[in-house]
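Visitor: Please work out how this folds:
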Amino acid sequence: MDVTDTPGVALTFDDGPDPVWTPRVLDALDRAGARATFFVIPPLALEHEGLVRAALEAGHGVELHCVRHVRHTELSPREVEAEAREGLRALRSFGAEPRLWRPPWGVVAPWTWGIAAEYGLEIAGWTADTHDWRGDDAPAMLRSVSPLIRQGAVVLMHDGIGPGALRDGCAETVALVGELVAHIEKLECEPSPYRARRGA
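Guide: The predicted structure is shown next:
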């Protein structure tokens with residue numbers, strides 16, 4: 001799924017906020033002069049409200065990931081609807097206005113689309129997966145995604161430790177941020193948040 005209204009390369013992070021790693025990712029983005037989009041888990045956002053507000057104040061996007069990290073195909077339509085309703089309520093309490101929804105693992109059910117439309121949300125995917133959850137080092141991740149970096153690309157990273165992660169921290173993702181931004185700029189593209197389609 002491409003970013004039709006993003007002028008550069010969208011940097012995105014899932015599974016936060018995390019009290020250890022999200023601040024470090026925010027610092028790395030600040031040092032690189034880049035903005036990104038955080039697809040957050042609302043219960044964690046409520047627990048670490050200051051991190052969400054810090055991301056918003058720094059100009060980053062804050063969008064909906066999931067209330068429960070469960071594939072939509074394993075949830076009933078009513079449960080998926082509750083994910084949208086409860087998630088939006090939590091994120092709006094911080095002043096965020098989510099327009100994007102990235103379901104866990106990018107897995108959608110047939111009913112996900114209609115529920116997303118009902119709540120004014122666009123399903124957000126990615127085009128370049130760093131697979132940072134595997135624990136690879138930053139240079140290896142950069143090599144793996146470099147061929148996929150172009151105007152309109154969406155890069156998937158994580159600022160939290162989600163189910164199935166084979167690493168115990170996000171240090172290599174933090175290290176990747178600066179290297180990735182430098183690579184994007186070398187291609188004469190601009191790192192940017194993920195933007196919803198106009199009118200979505």
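Visitor: List phi and psi for Gly164.
Guide: Torsion angles at Gly164 (phi, psi; degrees, to the nearest 10) stand at phi 90, psi 0.
Visitor: same check, this time on Ala109
Guide: Here is the backbone geometry of Ala109 (degrees, to the nearest 10): phi -100, psi 160.
Visitor: How many residues are close by the closest residue to it other than its chain neighbours?
Guide: With sequence-adjacent residues excluded and distances taken as C-beta to C-beta, 6 or more residues apart in numbering, Ala109 is closest to His72, at 4.1 Å. In short, each C-beta sits where N, CA and C put it, glycine included. His72 has 22 neighbouring residues, counting by other C-beta atoms under 10 Å.
Visitor: One more: Gly164?
Guide: Neighbour tally, Gly164, other C-beta under 10 Å: 9.
Visitor: In the chain, spot the strand with the most residues.
Guide: If you go by DSSP state E, the chain has its longest strand at strand 9-16.
Visitor: could you give me the average pLDDT of it?
Guide: On average, the pLDDT along strand 9-16 is 97.
Visitor: Ok, stretch 96-110 next?
Guide: Here stretch 96-110 scores 97 as its mean pLDDT.
Visitor: on that earlier part again, buried set for the helix or strand just after the longest strand of the chain?
Guide: Toward the C-terminal end, the helix or strand that comes next after strand 9-16 (DSSP states H and E) is helix 21-32. Residues Trp21, Thr22, Pro23, Arg24, Val25, Leu26, Ala28, Leu29, Ala32 are the ones in helix 21-32 that count as buried (16 or more other C-beta atoms under 10 Å).
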